[in-house]
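Q: Sequence first, then the predicted structure:
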Amino acid sequence: MSLMNLPVFALIPARGGSKGVPRKNLSTVGGETLVQRAIKIAKSSKGVDEIYLSSDDEDILNIGRDLKVNVLKRPPEFASDEATAVQVVHHFLIELPKTKFFTDAYIVYLQPTSPLRTAKHLEDAFALMQNRQRHFLVSVSEMEKSPFKSFLVGEDGLLQSLFEEEMSNLRRQDLPTVFIPNGAIYVFRVSDFLDRKGFPSNGGLPFIMSSQESIDVDSEEDLKKANQTLGEQYGRV
């Protein structure tokens, strides 16, 4: 019991299929599969009480069994290209034993595709929530290009400023700093997820991570970048 003195469940979603990289969650970074890295980081964090691996794939589930975490066999309808993270969490809550179902319990959603997230990131995120007494947190990184300079193309084929036209003419340094979720860490209470019918974000705490730490594996190039970055951190390329 480490976050607001309530249970903290780590949920690792890792389906077998993938569009960009075949069997993506079994790809390796730093000599370990993405699934192994996510599990080991959760196990190394002092803030996590129990770990659940959700997958439709037996090879992935066997990794969870070998590493002694709880495994959830996800049905096909929650493991397709069209399935959403919200459905994955709903399935987890349905499968969670009634004796462990507390609406004030916390879920830490850890996607394996963020291989440069560390146990220290998790512990720092928990500490931030504890200090600020906030119930949900989203890891983010700063956007390289400001959305305030963005345009839509209307049905007439002409440009229309996404925000006020005046903002599209300002210098970047005069515009507000904008952050985007990097997919590495989501922490929220079960009750907030149910009330909002999804991942709560507005009013949550931002946990700011660097662009390097925020690498999200969606392509072979992302895998190469993650391995190179990890190698540089340990003095090898």
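A: In hand now; what should we look at?
Q: After the host helix or strand of Asp59, heading C-terminal, what element do we hit next?
A: Remark: Asp59 resides in helix 58-66, with elements defined by DSSP states H and E. Scanning the chain past helix 58-66 towards its C-terminal end, the next helix or strand to appear is strand 70-73 (assignment: DSSP H and E).
Q: So which bits of that next one are buried?
A: Within strand 70-73, the residues that qualify as buried by neighbour count (16 or more other C-beta atoms under 10 Å) are Asn70, Val71, Leu72. (Each C-beta comes from the backbone N, C-alpha and C, glycine too.)
Q: ok, now which ones touch the last one?
A: Put plainly, it is Leu72. With C-beta atoms under 8 Å, 6 or more residues apart in numbering as the criterion, the residues that contact Leu72 are Tyr52, Leu53, Ser54, Ser55, His91, Phe92, Glu95.
Q: got a list of contacts for the longest strand along the chain?
A: As assigned by DSSP state E, the longest strand anywhere in the chain is strand 179-189. In this structure, residues lying in contact with strand 179-189 by C-beta under 8 Å, 6+ apart are 3, 6, 103-111, 113-114, 117, 121-122, 125-126, 129, 135-143, 199-201, 204, 206-209, 213-214, 216.
Q: same deal with stretch 23-39?
A: 12, 14-16, 18, 21, 40, 51, 53, 55, 57, 59-60, 63-64, 67, 69, 110-115, 217-218, 223, 226-227, 230-231.
Q: Ends of it, what's the gap?
A: 17 Å (C-alpha to C-alpha, to the nearest Å).
Q: Then stretch 75-88?
A: Terminal residues of stretch 75-88 lie 10 Å apart, using C-alpha to C-alpha.
Q: and what of stretch 140-154?
A: Taking C-alpha to C-alpha, stretch 140-154 runs 30 Å from one end to the other.
Q: hmm, what's the outermost residue in the protein?
A: Among the C-alpha atoms of the chain, the one most distant from their mean position (C-alpha atoms, centre = their mean) is that of Asp156, at 38.1 Å.
Q: quick check, that residue in a helix?
A: No - when classified by DSSP: H, G, I helix; E, B strand; the rest coil, Asp156 is found to be coil rather than part of a helix.
Q: Torsion angles phi and psi at it?
A: The phi/psi pair for Asp156 (degrees, to the nearest 10) reads phi -80, psi 0.
Q: tell me the contacts of it?
A: Residues in contact with Asp156 (C-beta under 8 Å, 6+ apart): none are found.
Q: and if you look at Gly17?
A: Applying C-beta under 8 Å, 6+ apart, the residues near Gly17 are Asp56, Ala79, Ser80, Asp81.
Q: Write a PyMOL command that selects only the buried members of those residues.
A: Selecting only the buried entries of the contacts of Gly17 in PyMOL, with 16+ other C-beta under 10 Å as the criterion:
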select buried, resi 56+79
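Q: can you redo the contacts of Gly17 as a markdown table with secondary structure and distance to Glu165?
A: Formatted as a markdown table, the entries for those read as follows, by DSSP: H, G, I helix; E, B strand; the rest coil; distance: C-beta to C-beta, whole Å:
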| residue | secondary structure | distance to Glu165 |
| --- | --- | --- |
| Asp56 | coil | 48 |
| Ala79 | coil | 44 |
| Ser80 | coil | 41 |
| Asp81 | coil | 38 |
